[in-house]
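Asker: Sharing a sequence plus its predicted fold:
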Amino acid sequence: MQQLFRQIPSLDSLLKQPQAVELCQQFAYSTVAEQARLLIEQARRFISQHHSIPHFIADENTFFMMLEEKLQNLSKVKIRTVFNLTGTVLHTNLGRGLWSENAIQAATNAMQNNVALEFDIEEGKRSHRDNYISELVQQITGAEAACVVNNNAAAVLLMLATFAQGKEVIVSRGELVEIGGAFRIPDIMAQAGCKLVEVGTTNRTHLKDYRNAINENTAFLMKVHTSNYHIEGFTSSVSEEELVALGKEFDLPVISDLGSGSLTNMQALNLPAEPMVQQKVATGVSLVSFSGDKLLGGPQAGIIVGSKEMIAQLQQHPLKRVLRCDKVILSALEATLRHYLFPEKLTADLPTLNLLTQSLETLQTKAEKLKEVLGKRLNSNYILQIEPSLAQIGSGALPTERLPSLAITISAEKQSDLLALEKQFKAFENPIIGRFSDKKFWLDLRSVAEFEGLVEMLK
Ligand SMILES: *Cc1c(COP(=O)(O)O)cnc(C)c1O
């Protein structure tokens with residue numbers, strides 16, 4: 001054994017080898033030394049266990065190859081590109097949507113340069129970082145001003161903390177939503193230090209329910225868009241208009257968490273209707289909040305629009321500083337919003353809207369192409385078909401509505417073959433993510449943004 005241990009070269013002598021010197025130039029001396037030391041430790045353990053010399057000690061080239069691999073692995077970003085063939089276009093677990101070309105350029109510019117983020121160039125004095133967005137939002141939605149934070153969950157928290165800390169907020173029992181993971185209206189209320197006053201029932205809430213709950217401690221009336229569920233049957237809810245009228249009687253603001261919201265008419269694009277921010281603003285609601293990375297098609301952000309006075313109060317709350325966005329996000333968001341000034345080009349320019357509005361003919365062409373390249377790679381255990389499928393927008397937007405789509409379905413005699421295939425798809429440099437349904441593996445064409453890249457990889 002001692003004999004074997006002695007064959008391990010010293011760390012010093014290894015680091016003096018030309019291969020090590022080269023690695024030190026490319027990476028960093030201390031990291032190379034540390035990783036080499038770990039390999040030597042590994043060799044010692046191997047000798048203790050197997051009473052023989054590991055290959056990477058017997059052969060020096062192998063040692064340096066392994067060392068380089070470890071170093072490459074350390075510098076490689078682990079958040080990898082995946083191909084989204086789940087059929088859910090805005091898949092939160094897959095990072096939601098892609099940015100437009102202009103948004104990417106604006107973001108890149110902000111990354112590489114100083115930008116006039118809080119600086120009014122003409123006046124030569126300090127300005128506010130949300131001003132650019134505020135002006136655009138005013139143009140697009142008619143709201144007086146805007147406040148931008150990290151995401152819509154943050155937007156709701158900030159609105160509650162600013163206007164309802166230590167006070168009561170009235171919400172319908174039909175609207176106490178939970179959005180994927182930890183966002184639950186009652187929990188956010190508790191975090192913001194306000195008291196949730198539930199009114200009505202799960203399926204029916206009336207104006208008088210709100211009226212009866214109002215007291216001197218009420219901060220505001222709140223509407224929450226039921227983004228990810230739909231109550232059917234004997235139902236009734238109170239509209240923003242009615243709440244605004246009631247609020248006026250008691251001098252109480254009405255605040256609306258719209259979730260996704262949309263800045264364009266989805267029905268005009270042959271998509272299921274989604275409430276528009278403009279419409280909510282027009283009802284006289286004091287504040288409306290929505291996400292930047294749902295149907296809007298931009299970066300992760302939460303946008304609050306509404307009255308100048310209330311937005312100013314939000315801006316002054318200490319939490320705003322905690323939740324504010326950086327120059328990259330604000331630049332990308334501004335670029336994204338600018339697309340809305342050119343309505344007829346929206347579906348061409350915004351990747352999310354582009355995917356959602358693809359025609360079935362376009363999907364058919366893609367399906368045929370994908371079937372062809374996949375067919376060449378899969379053995380005869382697998383049967384490939386093009387089948388109609390139902391895609392969805394995702395991220396809570398319009399969950400009950402499905403979008404007509406096409407998918408490649410893969411079936412196999414043995415279920416284990418299908419599981420093996422799914423594993424193989426996940427093992428690609430850029431994993432392919434599909435879904436199981438009906439004992440088949442489905443690759444839905446509507447949600448895949450980088451189709452050309454997918455075809456290239458499979459070739
Ligand atoms: C999605 C959603 C949220 C959370 O928005 P994020 O931008 O994901 O933080 C909050 N409320 C509603 C109603 C939603 O649909």
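Answerer: Right, received. Where do you want to start?
Asker: and the residue lying closest to Ala143 once chain neighbours are set aside, what does it touch?
Answerer: Leaving aside its sequence neighbours, Ala143 sits nearest to Val305 (Cβ to Cβ, 6 or more residues apart in numbering; 3.7 Å). All C-beta spots, glycine's among them, are computed from the backbone N, C-alpha and C. Each residue near Val305 by Cβ atoms under 8 Å, 6 or more residues apart in numbering is listed here: 137, 141, 143, 145-147, 277, 281, 287-289, 311.
Asker: Quickly find the element holding the residue in the chain that the ligand sits nearest to.
Answerer: Per Cβ to the nearest ligand atom, Gly259 is where the chain lies closest to the ligand, at 2.4 Å. Gly259 belongs to no helix or strand when assigned by DSSP states H and E.
Asker: helix/strand/coil for the nearest residue to it once chain neighbours are set aside?
Answerer: Using Cβ to Cβ, 6+ apart and skipping residues adjacent in sequence, the residue nearest Gly259 is Ser227, 3.7 Å away. Secondary structure, DSSP: H, G, I helix; E, B strand; the rest coil: Ser227 is coil.
Asker: can you check Ile383 too?
Answerer: Here Ile383 is strand, with the state taken from three-state DSSP.
Asker: Now for the closest residue to it other than its chain neighbours, how many residues are close by?
Answerer: Sequence neighbours aside, Ser411 is the residue nearest to Ile383 in space, at 4.9 Å (criterion: Cβ to Cβ, 6+ apart). Each residue near Ser411 was counted by other Cβ atoms under 10 Å, and the total is 16.
Asker: What distance do you get for Ser411 to Phe119?
Answerer: Separation of Ser411 from Phe119 (Cβ to Cβ, to the nearest Å): 60 Å.
Asker: Please go through this protein and pick out the longest helix.
Answerer: As assigned by DSSP state H, the longest helix anywhere in the chain is helix 29-50.
Asker: in that helix, what counts as buried?
Answerer: Buried residues in helix 29-50, counted by 16 or more other Cβ atoms under 10 Å: 32-33, 35-36, 39-40, 43, 46-47.
Asker: what's the answer for stretch 118-132, then?
Answerer: For stretch 118-132, burial by neighbour count (16+ other Cβ under 10 Å) applies to 129-130, 132.
Asker: got it, and stretch 443-458?
Answerer: Of all the residues in stretch 443-458, those buried under the rule 16+ other Cβ under 10 Å are 443-448, 450-451, 454, 458.
Asker: Next: stretch 15-28.
Answerer: 15, 19-20, 23-24, 27.
Asker: between those, which is closest to Leu341?
Answerer: Phe27 (47.4 Å; Cβ to Cβ).
Asker: ok, that closest one to Glu69 distance?
Answerer: As judged by Cβ to Cβ, Phe27 and Glu69 stand 12 Å apart.
Asker: Write out the residues of this structure neighbouring the ligand.
Answerer: Within the chain, the positions near the ligand by Cβ under 6 Å from any ligand atom are 151-153, 156, 177, 179, 183, 224-225, 227, 257, 259-260, 291, 302, 395-396.
Asker: Which ones among the residues you listed map onto strands?
Answerer: Among those, the members found in strands (DSSP state E) are 179, 183, 224, 257, 291, 302.
Asker: Number of residues surrounding the third one?
Answerer: Applying other Cβ under 10 Å, we find 19 residues neighbouring Val224.
Asker: That one and Arg173 touch, don't they?
Answerer: No - if you go by Cβ atoms under 8 Å, Val224 and Arg173 don't touch, sitting 11.0 Å apart.
Asker: Could you pull up phi and psi at Gly297?
Answerer: In terms of degrees, to the nearest 10, the main-chain angles of Gly297 are phi 90, psi 20.
Asker: Please name the residues that touch it.
Answerer: 97, 99-100, 336, 339, 350-353.
Asker: would you turn the residues you listed into JSON lines with distance to Gly166?
Answerer: Listed next are the contacts of Gly297 as JSON lines, based on distance: Cβ to Cβ, whole Å:
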{"residue": "Gly97", "distance to Gly166": "38"}
{"residue": "Trp99", "distance to Gly166": "40"}
{"residue": "Ser100", "distance to Gly166": "42"}
{"residue": "Thr336", "distance to Gly166": "37"}
{"residue": "His339", "distance to Gly166": "41"}
{"residue": "Leu350", "distance to Gly166": "41"}
{"residue": "Pro351", "distance to Gly166": "43"}
{"residue": "Thr352", "distance to Gly166": "39"}
{"residue": "Leu353", "distance to Gly166": "42"}
